[in-house]
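Novice: Here you go, sequence then predicted model.
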Amino acid sequence: MPTIDIDPYDASEGVFECLGCGTRTRAESHPGTCPECDGTVRNIAISRE
Ligand SMILES: [Zn+2]
């Protein structure tokens, strides 16, 4: 396997950003709510189509 397979937007991991405070969290699944302010978070890793 080549060692250049480094993708920051790996499909198995999502990047979630809080709509309230802007905190970004990496997780394999949707965290549900922001760990900082308990606000709504969205997956920003798949929003660039
Ligand atoms: Zn927050």
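Specialist: That came through, no problem.

Novice: where does the chain have low pLDDT?
Specialist: Residue ranges of the chain with pLDDT under 70: 1-2, 4-12, 46-49.

Novice: near the ion, which residues of it show up?
Specialist: 18, 20, 21, 23, 34, 36, 37, 39 (CB under 5 Å from the ion). Bear in mind the C-beta positions are built from the backbone N, C-alpha and C, glycine included.

Novice: and those, which are buried?
Specialist: Buried by 16 or more other CB atoms under 10 Å: 18, 34, out of the residues of the chain next to the ion.

Novice: Looking at the residues of the chain next to the ion, which is nearest residue 3?
Specialist: Residue 3 has its nearest neighbour among the residues of the chain next to the ion in residue 23, at 31.5 Å by CB to CB.

Novice: you'd agree the closest one is up against residue 36?
Specialist: Yes: Residue 23 lies in contact with residue 36 (CB atoms under 8 Å); the separation is 4.7 Å.

Novice: Of the residues of the chain next to the ion, which belong to strands?
Specialist: residue 18 (DSSP state E).

Novice: Endpoints of stretch 19-38, how far apart?
Specialist: Terminal residues of stretch 19-38 are spaced 10 Å apart (CA to CA, to the nearest Å).

Novice: buried set for it?
Specialist: Result for stretch 19-38 [16+ other CB under 10 Å]: buried residues residue 34.

Novice: Show me what it is in contact with.
Specialist: Outside stretch 19-38, the residues that touch it by CB atoms under 8 Å, 6 or more residues apart in numbering are 12-18, 39-44.

Novice: go again using 7 Å as the cut-off
Specialist: For stretch 19-38, contacts defined as CB atoms under 7 Å, 6 or more residues apart in numbering pick out 12, 13, 14, 15, 16, 17, 18, 39, 40, 41, 42, 43.
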